Every structure is written in C-alpha cells, then in structure tokens.
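Q: Turn this into a model:
(chains A and B)
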Amino acid sequence: MKKIFTFVVLTLIFFNFNNNAFSIEADVFVQSTVNRAAKTLGGGLTKEERIEKLKEIAKDTVDITGIGFYSLGKHRKNLSKEELENYKIVFEAYFLKSFSSRLAEYSNPEIEVNSKNIINANYTIVSSTLVATDSRPEVKIEWRVYTKDPDNLLIRDLIIEGLSLARTQKEEFSSIINSNDGKIEALLKNLSDFSAK
Amino acid sequence: MYYIFYSIMKKIFTISVLSLFIFASAFAGDDGELNLSKKSKPVKDCFEPINRVTFAVNMGLDKIIFKPVAKGYRVLPSPVRAGVSNALDNLSSLVTIPNNILQGEIKKAGVNTGRFAVNTTIGVLGIFDVAEMIGFPEYEKEDYGQTLGTFGIGPGCYLVLPVIGPSTVRDTAGSFINIMGGDPWYNASMNGNNEYLSESTYLASRVLGGIDFRAKNIDSLENLEKNSMDLYASFRSLYLQDRQQKILNSKATTETMDDGDWEEIDSQ
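A: Predicted structure coming up:
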C-alpha cells in the first residue's frame, strides 16, 4: 500500500511539475522575447539595424514554417513536396520583411506578461498587455506558444484584442489564391513582390 | 393625422421588407443550422465584386477626408480626446442597455443603467468616466446586430457599406433597428420635441464617433495598409473575427478559434 501510495504521489508530482514547467517556460519565453525586442527598439539603433535585429529575433522565436503552412489552409494539401519547399523559402522572406517592418515603427513598447493558459501539451496561450501611451490605448496581446518541444518553444500566433494575425493572414492568402483560379503561383508572386519592395 | 398614419404605415412596411431580407439572407448561408457555433463558419462574401468597389471608394474617401481629419483630431490634448470618447461611450450605453435586456443580461443592464446615471450627472454628460473611478466593471458595448446573433440568426452575406464600411446583412439590419426606435438618443434628437437637441446634434455625434474611432486606429490601420497584400481581405477577416467575439461575449481566444488546422501542422 505504501509503495502504491508513494508511486501515485510521485506520479502526481511529476505530472504537475511538468505541467508547471511548461507554463512557466512559456511565460518566461514570451517575456524574454518581448524584452529582447524592446531592447532592440529602444536601443538607439538605426532603422535598418533594428530591422536586422528583429529578423534575428523572429528566426529564433517564431515558428515561421508552421505559420506559413497554417496560412496556406486547405491549399496546402494540393501542393507537391517541391512546391511546398519553394513556398517555404518565399514565405520566410515575406514573413521576416513584414514582421520586422511592422515592429520597427514602434519605439520602446512596454509589454507586461499577465497570465498563461495551457490548452494542451502542444499549446500555451500567454496573455500580456501593451501599456497605454498618450497616443495609443492599452492593447491586450495573447501569444500562441507551440510547446511540443519544451527545449525549443516557438510563437505561432499573436492575437491582438482577440484578432488573430495568423487567421487574418490565412484568409488574405486564401482570397489571393481564390481570385486567381486557385493558382498558388499568384500567391507566390505576391509574396515575392512584397519581399522585393 | 394623415401624416402620422402615413409615418406608421411606412415604418411597418420598412420593418416587413427588412425582416424578409434579413431572414432570407441570414439563413441562406447557414445550411439550415440555427445554433451559433463557437467555432466560426465561413461567412459568404456574396457581393464581393460590388463590395470591393465600395471598399475602394471608402478607402479613397478615407485618404482625402477621414484620415486627415483624424490626424488633426489627434493634435488635441489627450484629456480632451478622452472626454469626447467618454461622452460618446456614455451615449452608446442607451443602445447597450436595451440589448443587455434582450440578451437576458439583466444584471449587466442594471450596471450599465447605473453607469449611465452616474456619468451623465456627476460625470458632466459623460465627459468624465466617474463610474470607472468608483469601481464599476469595464464597459462593453452591445448592439442590435449582436443581439440578433445571440438569437441564433446567422450573419448572412458580408457587406461593405458606403462610408460606414464593413458589415453583414444581420449587422446592417441591426443598425436599422437603431433608427426605427431602438436608439433613444436618435429618437430624442431626430424626433424629440425639445429645444436642446436636433438632427444636427445627432449627426455631429455620429461624425465625431467616426473621427474618434479613426483617430484611435490611425497607426494600426497605417500598418495594416503597408503590410497587406489584399487589404480588402484583411479588413473582412478582422471585422468578422471581431463580431464573432462580441456576439459570443467571449474574452477567451481559444473559445472562438478553430485549433484543428494548427493541430495538423507539425513543424518540430
């Protein structure tokens, strides 16, 4: 009986500990990512230097491939392996340009991480607040963190005031493909043109 | 006498035509399913070519009129803008309260009535949000479009209205309810027999509301414009996501999002 009791208690502690370890890591991960970005944005760098630094941060912390595949939606299944590989390359260039130019406009954003919600073993949603300034109201930001590999947490989505950036992008891509007779080439061209701007 | 009879008949006719329109369109995209699912179903963009033209016209108007005006408005001192925003929110609670009741949220209706009373009196016509200072919960707007949604009426087709912008058949119908007696502020200004309010007061409040909204979103819209490959599709997506959240009265992101597609993607 004592052995069974010890086993049950240890199992419970183990799972509980693991669960907490996940959530704490996701929290810390988001906070440290935010701190890295804030340091870059408020560090007196030129705009070009800021953009390069932000790209590095994105490569380290964002699941660019995952977001790219998600953004393709149902069209993903119609592509060959070769087309997917090509798409991955084009999408990464597009994403890094879009991500860094969006963020480079902000100077010294103050983000407070508030709480986290473990959805399942693969996902934790971390809630945070972009602190209000004179020119901008307070903004709630949630981070969908992919926790499948606990040693390599990655951001998959940013949900700003309840609006998912990944879902918006997915619907934008779908609109481009659909208005071009379902051809992925139109999307690839749009992505390449955007990156070349 | 004839005028009153004519006016009543016109209202009944408008309501009947509108109701037919809403029900036919709203249920058309529903596949016969009336329950509001927590996971979103795609909303049909039945009039996409016309919507895209209207959207382009609206963006042109925004560039020439609304954006410059909103930029000018942003020059005003922050407390002035906050006061205007508070007063507009206070007026909007006249629509929120009946919608709270229609949605069965009696407690919220009570809280919002208290908020309106406090802010209109002590808060000087709503300019100061005294209710928030004394601990009232955060204000959440409700409208007739949301109420129709909670009744199980589907959004129908996506619409882009001239000047007003993104909407759906259901939300447009909801806006019509405002001018058919559902908005006490509209009734008092347009039809009220008093010397203080007039049509121009109502129109000024609506225009100011638009400018205030545009000014609050100037950076995010600029960012969106710069980074979108299909701005029309981005606006549509953001509008529909926002409405879905508001109708479900949900703050939990995961409740309104379909995780299925994410689960299929294994990049590690």
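Q: Helices of the stretch 151-268 of chain B, residue ranges please.
A: All helices of the stretch 151-268 of chain B, identified by DSSP state H, counting those that start in this stretch, fall at B:169-177, B:184-186, B:199-216, B:218-227, B:231-248, B:253-256, B:260-263.
Q: Kindly apply the preceding question to chain A instead.
A: For chain A, the helices defined by DSSP state H cover A:2-41, A:47-61, A:64-72, A:81-104, A:165-178, A:184-196.
Q: ranking those by burial, who's on top?
A: Most buried of those, by mean neighbour count (mean count of other CB atoms under 10 Å in any protein chain shown): helix A:64-72, with a mean of 23. Quick note: C-beta positions are derived from backbone N, CA and C, even for glycine.
Q: is that one anywhere near chain B?
A: Yes. Helix A:64-72 reaches chain B (CB under 8 Å from any CB of the partner chain) through A:65, A:66, A:69, A:70.
Q: Turn those into TSV, columns for distance to residue B:150 and pLDDT.
A: Output for the residues of helix A:64-72 next to chain B, formatted as TSV (distance: CB to CB, whole Å; pLDDT from 0 to 100):
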residue	distance to residue B:150	pLDDT
A:65	39	93
A:66	35	93
A:69	35	93
A:70	30	93
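Q: Which one of the helices of chain A lies nearest to residue B:50?
A: Of all these, helix A:165-178 sits nearest to residue B:50, with 15.8 Å by CB to CB.
Q: could you say what helices and strands that closest one packs with?
A: Helix A:165-178 sits against helix A:64-72, strand A:154-160, helix A:184-196, helix B:231-248, with contacts defined as 3 or more CB pairs under 8 Å, 6 or more residues apart in numbering or on different chains; DSSP states H and E.
Q: One more pass at 6 Å, please.
A: When contacts are defined as 3 or more CB pairs under 6 Å, 6 or more residues apart in numbering or on different chains; DSSP states H and E, helix A:165-178 sits against helix A:64-72, helix A:184-196, helix B:231-248.
Q: Can you give me the buried ones in the last one?
A: Right, helix B:231-248. B:231-241, B:243-248 (16 or more other CB atoms under 10 Å in any protein chain shown).
Q: Mind checking the pLDDT average for stretch B:201-212?
A: Averaged over stretch B:201-212, pLDDT sits at 93.
Q: how about it, does it get close to chain A?
A: No. Contact of stretch B:201-212 with chain A (CB under 6 Å from any CB of the partner chain) is absent, the minimum separation being 11.3 Å.
Q: Output that stretch as CSV, restricted to C-alpha atoms.
A: Extracted C-alpha coordinates of stretch B:201-212, given in CSV (Å, rounded to 0.1, in the frame of the first residue of the first chain):
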residue,chain,number,x,y,z
THR,B,201,-26.8,67.2,-32.8
TYR,B,202,-27.3,63.5,-33.7
LEU,B,203,-25.3,63.7,-36.9
ALA,B,204,-22.5,65.6,-35.1
SER,B,205,-22.3,62.9,-32.5
ARG,B,206,-22.1,60.2,-35.2
VAL,B,207,-19.4,62.0,-37.2
LEU,B,208,-17.5,62.6,-34.0
GLY,B,209,-17.7,59.0,-33.2
GLY,B,210,-16.3,58.1,-36.6
ILE,B,211,-13.4,60.5,-36.2
ASP,B,212,-12.7,59.3,-32.7
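Q: Please point out which parts of that stretch sit buried.
A: B:202, B:205, B:206, B:209, B:210, B:211, B:212.
Q: Kindly report the same for stretch B:85-103.
A: For stretch B:85-103, by 16+ other CB under 10 Å, it's B:85-103.
Q: quick revisit: nearest to residue A:147, of the helices of chain A?
A: That would be helix A:2-41 among those, by CB to CB, at 5.4 Å.
Q: mean confidence score for that closest one?
A: Model confidence over helix A:2-41, given as mean pLDDT, is 64.
Q: what does stretch A:79-95 give?
A: On average, stretch A:79-95 scores 92.
Q: That one and chain B in contact?
A: No. When contact is scored as CB under 6 Å from any CB, no part of stretch A:79-95 falls within range of chain B; the minimum is 8.6 Å.
Q: so what pLDDT did the residue of the stretch 1-150 of chain B found nearest chain A get?
A: Using CB to the nearest CB, the single residue of the stretch 1-150 of chain B nearest to chain A is residue B:78, 5.1 Å away. Note on residue B:78: pLDDT of 89.
Q: and the nearest residue to it once chain neighbours are set aside, what are its phi and psi?
A: Closest residue in space to residue B:78, ignoring its immediate chain neighbours: residue A:134 at 5.1 Å, by CB to CB, 6 or more residues apart in numbering or on different chains. In terms of degrees, to the nearest 10, the main-chain angles of residue A:134 are phi -60, psi -30.
Q: Go through the residues of chain B and report the one nearest to chain A.
A: Relative to chain A, the nearest point of chain B is residue B:233 (3.5 Å; CB to the nearest CB).
Q: Was I right to think that residue contacts residue A:174?
A: No. Using CB atoms under 6 Å, residue B:233 makes no contact with residue A:174, being 7.7 Å away.
Q: any idea how far residue B:242 is from residue A:163?
A: Using CB to CB, to the nearest Å, we find residue B:242 at a distance of 6 Å from residue A:163.
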